[in-house]
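S.K.: everything below, folded, please.
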Amino acid sequence: MYDFTTLRPRRGIGASKWQPLERAGVADPDVIPFSIADMDLITAPEIISALREAAEFGVYGYTSMDEAYRSAVAGWMRRRHGWEIQPGWIINAFGVVHAVGQAVQAFTQPGEGVIFQTPAYPPFLRILQATGRTPLSNPLLRGEQGYTLDFEALEALCARPDAKLLLFCSPHNPTGRVWSEEELRRVADICARNGVLLFSDEIHFDFIAPVHRHTVLATLDEQTRDNCIVGTSASKTFNLAGLSTANIIIPNDTLRRRFRAKTDGYTGGYTGYFGLTATRTAYEKGEAWLDALLVHLDGNFRLCREFLAQRFPSVWVAPWEGTYLLWADFSCLGLTPEEQERFMRDEAGLFLDEGYIFGREGAGFERMVLACPRLQLERALERLDQAAARRGLPR
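M.R.: As a prediction, this is how the structure comes out:
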């Protein structure tokens, strides 16, 4: 019913993900990028129809949320995540990363500490550097079965008098961990006891693997609800990142007023006409498409996991729990991070996100976006196998 096989090459339209291919002069139609976390899949037809109708209307003036939009967001949170929210808790932003930057400035002062888990989503560190905050790294612990939180180290960081905010990725990017309710309660308790505010980036929360369950941080209890900001968006779920629309949900009135004072000063309270249209349509009419997409993604992950287990048995692959990101340790190839990047790009024709950009804990890793047509994924994996064979690299 839905099309997850058609590839729309995005050369020449300003697509950030595809520009490295353009700069490298890659013309092979089978070579696509697997780097920046948006999808090379066509979005739900219901959204395309709604955007076409909105475009044909012909008047694109200043736009802000209305009650129908807020109701659509609240309905999605209730149906998909068991979270009853009040429409007034929602604040629009141009993206979750934009909202993180605003939260850092609204709730911390220059020089104060902001905690984050590493390997970390790169914009977190860039925001802290740009705003003069002190980055406080809480490295995840890696075991054969995947990653876990280092609660002892987190407790020590939160106890620092300069620590004011935790940027928490749930599900975690890039490792794909879906935190258990018990883990979330421990994080929330540590933050509450030490007066550290939580910003929970849950932009990937609609992508959860079978047998796993995502818990929205704010649903744990009243104390946690009042000490957190939850960043959400339809951008990952429905491939709408270019429309720059996010929903930041803040139950606590005081926190919400402080955050809004910062964001409205920059945006005037307006947001994008097409982003609102697409998001509302997605949340009202997009569930069947998403359910079909999750089946497709599960197949892509199975393909990758089995291929790597057979052809590259020494490559460690993080268990898939959530997101549409593969996180794999290729250090067995015996290359430096720079050599590995050149090998992947120039010899295997793979444009990936190199692990080192996520911090030193990511050295030797590759992050690969699997939200793409399966044929292009199969051909990319075969190119990797052939390139490694030509070089005689260890597997």
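
S.K.: which non-adjacent residue is nearest Asn92?
M.R.: Using C-beta to C-beta, 6 or more residues apart in numbering and skipping the chain neighbours, the partner closest in space to Asn92 is Thr271 (4.2 Å). Where C-beta positions appear, they are placed from N, C-alpha and C, glycine not excepted.

S.K.: kindly state the beta-bridge partners for the one you found.
M.R.: Per DSSP bridges, the residues bridged to Thr271 are Thr63.

S.K.: cool, Ile229 as well?
M.R.: As assigned using DSSP bridges, the partners bridged with Ile229 are Phe199.

S.K.: please list all residues in contact with Val73.
M.R.: Contacts of Val73 were listed using C-beta atoms under 8 Å, 6 or more residues apart in numbering, and they are 85, 87, 90, 247, 279, 283.

S.K.: and the second one, how many neighbours does it have?
M.R.: Here the neighbour count serves as a burial measure; for Pro87 (other C-beta atoms under 10 Å) it reads 13.

S.K.: and the residue nearest to Asn92, what does it touch?
M.R.: 63-65, 92-94, 245.

S.K.: swap in 10 Å and give it another go.
M.R.: Contacts here follow C-beta atoms under 10 Å, 6 or more residues apart in numbering; on that basis Thr271 touches 62-65, 69, 91-94, 243-247, 279.

S.K.: filter these down to the buried ones, PyMOL style.
M.R.: In PyMOL, this line selects whichever of those come out buried by 16 or more other C-beta atoms under 10 Å:
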select buried, resi 63+65+69+91+92+93+94+243+244+245+246+247+279
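
S.K.: give me the domain ranges for the protein.
M.R.: Annotated domains of the chain cover 19-44+288-391, 60-285 [automatic domain parsing].

S.K.: from the chain's centre, how far out does the longest helix along the chain sit?
M.R.: Assignment by DSSP state H gives helix 287-311 as the longest helix of the chain. The chain centroid and the centroid of helix 287-311 are separated by 17 Å under C-alpha atoms, centre = their mean, to the nearest Å.

S.K.: could you do stretch 2-18 as well?
M.R.: With C-alpha atoms, centre = their mean, you get 19 Å for stretch 2-18.

S.K.: make residue 1 into 14 and carry on from there
M.R.: Sure thing, new numbering starts at 14, so read that last one as stretch 15-31.

S.K.: average pLDDT across it?
M.R.: Stretch 15-31 comes out with an average pLDDT of 95.

S.K.: over to stretch 345-356?
M.R.: Mean predicted lDDT for stretch 345-356 stands at 96.

S.K.: start and end of that stretch, how far apart?
M.R.: Stretch 345-356 has an end-to-end distance of 14 Å (criterion: C-alpha to C-alpha, to the nearest Å).

S.K.: and it, what's buried?
M.R.: 346, 348, 350, 353-354, 356.

S.K.: that's a helix at Ile104, yeah?
M.R.: No - according to DSSP: H, G, I helix; E, B strand; the rest coil, Ile104 belongs to no helix; its state is strand.

S.K.: skip the chain neighbours and tell me the closest residue to it.
M.R.: Excluding the flanking residues, the one nearest Ile104 by C-beta to C-beta, 6+ apart is Ile261, at 4.6 Å.

S.K.: is that neighbour in a helix, a strand, or coil?
M.R.: Here Ile261 is recorded as strand under three-state DSSP.

S.K.: Arg380 pairs with what?
M.R.: Going by DSSP bridges, Arg380 forms beta bridges with Trp340, Asp366.

S.K.: hmm, back to that, distance to Asp16 for the domains of the chain - can I get that in CSV?
M.R.: Below are the domains of the chain laid out as CSV (distance: least, C-beta to C-beta, whole Å):
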stretch, distance to Asp16
domain 32-57+301-404, 6
domain 73-298, 12
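
S.K.: looking at the ones you listed, which is closest to Arg65?
M.R.: domain 73-298 (10.1 Å; C-beta to C-beta).

S.K.: mean confidence for that closest one?
M.R.: The model assigns domain 73-298 a mean pLDDT of 97.

S.K.: start to end distance for that domain?
M.R.: End to end - C-alpha to C-alpha - domain 73-298 spans 23 Å.

S.K.: go on, stretch 148-162?
M.R.: In stretch 148-162, first residue to last residue: 18 Å (C-alpha to C-alpha).

S.K.: what comes up buried for that stretch?
M.R.: 148-153, 159-160, 162.

S.K.: how about stretch 138-147?
M.R.: Buried residues in stretch 138-147 (16+ other C-beta under 10 Å): 138, 140-141, 146-147.

S.K.: so which pair among these is furthest apart in space?
M.R.: Ile140 and Thr147 (12.5 Å).

S.K.: shared neighbours, these two?
M.R.: By C-beta under 10 Å, 6+ apart, the residues touching both Ile140 and Thr147 are Val127.

S.K.: that'll do, ta.
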